[in-house]
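Enquirer: what would the 3D arrangement of this be:
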Amino acid sequence: MSLDPSSETPTLPSKNQMPENEPNALTMDALVSLCKRRGFIFQSSEIYGGINGFFDFGPLGVEMRNNVKQAWWRDMVHRRDDIVGLDATIIMHPKVWEASGHVAGFTDPMVDCRESKMRYRADHLFFSRVVIDTETIGYVSVLESPSMEDEAAEQADALKRKLAKQGKLRPLELREYTEADPDQYDLIPSPATGQPGSLTPPRDFNMMFQTHVGAVRDESAVAYLRPETAQGIFVNFKNVVDSGRVKVPFGIAQVGKAFRNEITPRNFIFRTREFEAMEIEYFIPPDDDLWRKYHREWIDARLNWFEGIGLNRDLLGEDVHPKEKLAHYAKACTDITFRFPHGMQELEGIAARGDYDLRQHQEFSGKSMEYFDEARRERYIPHVIEPALGVDRTFLALMCAAYSEDVIDGDTRTVLRFHPRIAPVKAAVFPLVKNKPPLVERARELHARLQRRWNVFYDESGAIGRRYRRQDEIGTPYGITIDFDTIEKDDTVTLRDRDTTKQDRVSEAELLQFLEEKIDG
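Expert: Residues are numbered from 1 along each chain as shown. Take a look at the predicted model:
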């Protein structure tokens with residue numbers, strides 16, 4: 001790239017500098033630090049000490065979160081002919097939650113430590129007998145984590161040494177605390193204190209947030225913040241059928257807030273008490289041989305979608321729920337899992353729910369939920385395939401997958417390799433130097449033009465290499481530099497790729513076409 005020979009201005013970094021990739025060194029602590037430092041996510045009410053299980057999304061976080069929702073809506077609703085949208089209220093008639101079973105059965109098993117006052121989900125607390133040869137010398141307990149087997153083994157070794165026992169430790173058999181026998185409760189140590197005898201028996205805890213509607217606070221005014229968005233779809237099924245000219249098979253999609261009073265929210269935004277869900281209820285005929293076909297199609301469609309927004313297939317998995325773990329009404333459920341820093345965990349659930357929900361609402365409301373199939377000349381209550389995922393959990397997976405460190409000319413850079421559709425800032429525009437008015441004016445003009453289409457950033461502060469690094473760390477896929485060739489020679493700009501650091505000369509028309517293809521897809 002040519003420069004005014006009379007000026008002492010900096011040059012762009014070499015076009016041939018290619019990053020040397022290093023293994024992803026991501027930890028949850030590093031991710032949390034990056035998210036706060038660069039304005040993705042903040043602890044809610046932080047100046048008052050925060051509130052557990054609630055998070056605020058900062059300037060970059062809200063942009064990226066909106067991009068996730070818009071990509072899902074465009075691909076699942078706008079680009080399909082068989083799905084329509086809905087936006088139901090957060091607070092609905094309390095009978096809705098009686099019919100759905102949430103009032104009676106939306107619970108998690110909870111256990112308390114009487115000594116430390118800590119509270120745990122019983123199905124996240126694991127224990128094992130410690131056996132030497134044939135003698136049980138005690139118990140160990142750990143919280144669910146990728147390293148819990150190693151932690152339990154270390155505890156067992158420590159217990160053996162403490163009791164000065166001889167012999168060979170038998171392999172531990174970790175089980176959920178919910179599977180403990182009542183006579184074992186007083187023998188299992190608390191994870192908080194390491195001492196037995198302080199854990200309570202598990203008990204059910206309803207996770208719905210309760211509120212009151214109106215001026216009178218009595219039982220007649222009790223209502224709930226919705227714990228899922230699905231029921232708003234089911235109670236509007238007939239409204240959509242009657243007004244939307246839809247035919248089975250078809251789906252109803254919804255994006256919206258939901259609330260669950262989690263016993264132990266954890267792992268950053270993976271499990272929170274306020275979250276946003278993206279759900280589809282896809283209605284199909286009730287034939288026994290059809291649901292497997294639609295269920296598999298939706299699993300494949302969702303896997304392809306995750307790949308399309310930047311999650312590599314080798315980070316994704318499928319977890320098929322065994323029959324004994326299914327809800328009583330479900331025919332099948334498969335989780336799409338993701339390799340988070342805390343292990344392979346659910347990213348999206350795809351369930352074959354049968355006709356349970358529509359049938360329940362028909363019974364409790366007294367209103368028919370039957371659908372008349374003109375092609376088959378019969379009435380029936382459709383069955384449902386439900387792909388459901390959380391915006392926040394998807395956000396976390398994208399952050400984890402995008403995080404990378406590489407080396408350029410001996411310097412380590414942190415880079416977020418977001419897909420252009422998801423990136424919070426689509427491109428950054430730089431004048432090569434800020435003390436040359438023609439460069440600044442042209443860069444401002446281009447920034448204003450791009451700003452009409454996308455969220456773009458203008459930066460003239462600091463060395464050009466440093467400006468690149470700042471954008472790399474927030475995941476901006478493209479850097480556009482206005483230099484002296486732009487003004488004096490060929491009217492082209494330098495387009496830099498975030499991932500490869502490769503730089504190309506392009507005209508403004510070529511630039512706009514390129515960005516449109518990459519960003520809007």
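Enquirer: for the rest of this, base every contact and every neighbour count on C-alpha atoms.
Expert: Fine.
Enquirer: which secondary structure state is assigned to Ser128?
Expert: Secondary structure assignment for Ser128 (DSSP: H, G, I helix; E, B strand; the rest coil): strand.
Enquirer: and the spatially closest residue to it that is not a sequence neighbour, how far is that from Ala153?
Expert: Once flanking residues are discounted, Ser128 sits nearest to Leu174: 4.8 Å by Cα to Cα, 6 or more residues apart in numbering. Distance of Leu174 to Ala153, computed by Cα to Cα, to the nearest Å: 10 Å.
Enquirer: ok, Thr107 next?
Expert: Thr107 is 31 Å from Ala153, by Cα to Cα.
Enquirer: ok, Ile214 - how many residues close by?
Expert: One thing to correct before we go on: residue 214 is Gly, not Ile. Neighbours of Gly214 under the rule other Cα atoms under 10 Å: 10.
Enquirer: got phi/psi on it?
Expert: With angles defined as degrees, to the nearest 10, Gly214 sits at phi 100, psi -180.
Enquirer: for it, what are its contacts?
Expert: Ala221 (Cα atoms under 8 Å, 6 or more residues apart in numbering).
Enquirer: swap in His321?
Expert: Going by Cα under 8 Å, 6+ apart, His321 touches Ala332, Cys333, Thr334, Asp335.
Enquirer: so the last one: helix, strand or coil?
Expert: Secondary structure for Asp335, judged by three-state DSSP, is strand.
Enquirer: grab the nearest non-local neighbour of it.
Expert: Excluding its sequence neighbours, the residue lying closest to Asp335 (Cα to Cα, 6+ apart) is Gly349, at 4.4 Å.
Enquirer: please apply the same query to the second one.
Expert: Leaving out its chain neighbours, the residue that sits closest to Cys333 by Cα to Cα, 6+ apart is Ala351, at 4.1 Å.
Enquirer: pairing partners for the one you found in the sheet, please.
Expert: Cys333, Glu386 (DSSP bridges).
Enquirer: that one is in contact with Tyr329, isn't it?
Expert: No: using Cα atoms under 8 Å as the test, Ala351 is too far from Tyr329 to be in contact (10.5 Å).
Enquirer: which of the two has more neighbours?
Expert: Neighbours around Ala351 and Tyr329, counted as other Cα under 10 Å, are more numerous at Ala351. The numbers are 24 against 12.
Enquirer: distance check, that one against Ala443.
Expert: 51 Å.
Enquirer: what's the burial count for the residue nearest to Ser128?
Expert: Using other Cα under 10 Å, Leu174 is surrounded by 17 other residues.
Enquirer: and it, its phi and psi?
Expert: phi -70, psi 130.
Enquirer: go on, the one 10 residues further on?
Expert: Main-chain torsions, Gln184, degrees, to the nearest 10: phi -100, psi -20.
Enquirer: circling back: check what pLDDT the residue nearest to Cys333 gets.
Expert: At Ala351, the model reports a pLDDT of 97.
Enquirer: show me what contacts it?
Expert: Neighbouring residues of Ala351 by Cα under 8 Å, 6+ apart: His295, Ala330, Lys331, Ala332, Cys333, Thr334, Ile385, Glu386, Pro387.
Enquirer: flag every buried residue along the helix or strand hosting the first one.
Expert: Pointing back at His295 there. According to DSSP states H and E, His295 maps onto helix 291-308. By neighbour count with 16 or more other Cα atoms under 10 Å, helix 291-308 contains the buried residues Trp291, Tyr294, His295, Trp298, Ile299, Arg302, Leu303, Trp305, Phe306.
Enquirer: quick check: of these, which lies closest to Thr134?
Expert: Using Cα to Cα, Ile299 comes nearest to Thr134 of those, at 46.6 Å.
Enquirer: mind giving me the packing neighbours of the helix holding His295?
Expert: If contacts are counted by 3 or more Cα pairs under 8 Å, 6 or more residues apart in numbering; DSSP states H and E, helix 291-308 sits against strand 332-340, strand 343-354, strand 383-390.
Enquirer: sec struct for the residue nearest the centre of the chain, please.
Expert: Of all residues in the chain, the one closest to the mean position by Cα atoms, centre = their mean is Arg393, 1.5 Å from it. Here Arg393 is helix, with the state taken from three-state DSSP.
Enquirer: tell me if I'm right that it and Leu347 touch.
Expert: Yes: between Arg393 and Leu347 there is a contact at 6.5 Å, judged by Cα under 8 Å.
Enquirer: using TSV, lay out the helices and strands packed on helix 291-308 together with distance to Asp183.
Expert: TSV is the format used below for the helices and strands packed on helix 291-308 (distance: least, Cα to Cα, whole Å):
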stretch	distance to Asp183
strand 332-340	34
strand 343-354	32
strand 383-390	39
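Enquirer: closest to Arg413 out of those?
Expert: With respect to Arg413, and counting by Cα to Cα, the nearest of these is strand 332-340 at 21.9 Å.
Enquirer: may I have the closest one as CSV, with CA atoms only?
Expert: Taking C-alpha atoms only, strand 332-340 is exported to CSV below (Å, rounded to 0.1, in the frame of the first residue of the first chain):
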residue,chain,number,x,y,z
ALA,A,332,-39.3,-39.2,22.7
CYS,A,333,-36.8,-36.4,23.6
THR,A,334,-33.4,-35.8,22.2
ASP,A,335,-31.1,-33.0,23.4
ILE,A,336,-28.6,-31.4,21.1
THR,A,337,-25.6,-30.9,23.4
PHE,A,338,-22.6,-28.6,23.3
ARG,A,339,-19.1,-28.9,24.7
PHE,A,340,-19.2,-26.0,27.3
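Enquirer: list of residues touching that strand?
Expert: Residues contacting strand 332-340 (Cα under 8 Å, 6+ apart): 299, 303, 315-321, 323, 326, 344-353, 397, 400.
Enquirer: for the helix holding His295, the averaged confidence score.
Expert: Here the average pLDDT along helix 291-308 is 98.
Enquirer: and that helix, how far from the chain's centre?
Expert: Distance of helix 291-308 from its chain centroid, counting by Cα atoms, centre = their mean, to the nearest Å, is 18 Å.
Enquirer: how about stretch 412-419?
Expert: Relative to its chain's centre, stretch 412-419 lies at 19 Å (Cα atoms, centre = their mean).
Enquirer: thank you, goodbye.
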